[in-house]
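Q: Fold the following.
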Amino acid sequence: MDDKEKLAKLRDTVLEEAEKEAAELIEPAQRQNNEILKCEEEKLAAEVKEYILSNSVRIKSETGKKIAQVSIDGKKELLCEREKYIRIIFTDVENKLKAFTDSDKYDQYLKRIYMDVADTLGGITHLQAAPCDVDRMRAIAPNTEITGAKRIRIGGLIAENGNLMIDYTFDKKLQTEMDKFTSNSMFMIE
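A: Next up is the predicted model:
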């Protein structure tokens, strides 16, 4: 073997040994690098999961609040519409009652309720009527003290006998029916 061949063989042996040592040094470093990379990937996955969960909870909360607000707004709007219709209905009823007080049947009605109330109370010592009904009531009950009451806007009468009093006004009946209707949607006309 000549020197060139020896040198080539030596070089090949040195290179082979260097490659073996490099592989032995690189392999643990590569393993360590892979472990660090895997650990960092797991940390990142956990952080992403936590981020998604926290945002999911926040988004659900915000969405729930928006849905609740929309529901509340819808109920408010519905209640406003309901109140509007109640006012329309009761304004119409009030107008019909006022029209009734301008009819001939109203005099008969006043006479009938006067008699019914007088029987119930065992007599009447004082009557209150709408100011426009005072003359009508004097014709019906000439021997009874009668005063006009501004609080009676629609019609009817308030009868008293001592400490007993009966409010038989359309105003009171309408308010009672309106209260019943508002609280449980019931309305009755006698």
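Q: in a helix, that's where Ile154 is, yeah?
A: No - counting by DSSP: H, G, I helix; E, B strand; the rest coil, Ile154 falls outside a helix, being coil.
Q: Check which element follows the helix or strand harbouring Ile59 along the chain.
A: Assigned by DSSP states H and E, Ile59 belongs to helix 3-101. Using DSSP H and E, the helix or strand that follows helix 3-101 in sequence is helix 104-121.
Q: got the angle for that following helix vs helix 3-101?
A: Relative orientation of helix 104-121 and helix 3-101, computed by axes from the mean of the first three to the mean of the last three C-alpha atoms, to 10 degrees: 90 degrees.
Q: tell me what whatever helix or strand comes next after helix 104-121 is packed against?
A: Using DSSP H and E, the helix or strand that directly follows helix 104-121 along the chain is strand 126-129. On a contact count with 3 or more C-beta pairs under 8 Å, 6 or more residues apart in numbering; DSSP states H and E, strand 126-129 meets helix 134-140, strand 145-148, strand 156-161. For the C-beta atoms, the positions are set from N, CA and C on the backbone; glycine is no exception.
Q: looking at those, which is closest to Leu7?
A: When the helices and strands packed on strand 126-129 are ranked by proximity to Leu7, the top entry is strand 156-161, at 133.6 Å, counting by C-beta to C-beta.
Q: Listing partners with orientation, what would you give for whichever helix or strand comes after that closest one?
A: Counting by DSSP H and E, the next helix or strand C-terminal to strand 156-161 is strand 164-169. Using DSSP bridges, the strands paired with strand 164-169 are strand 156-161 (antiparallel).
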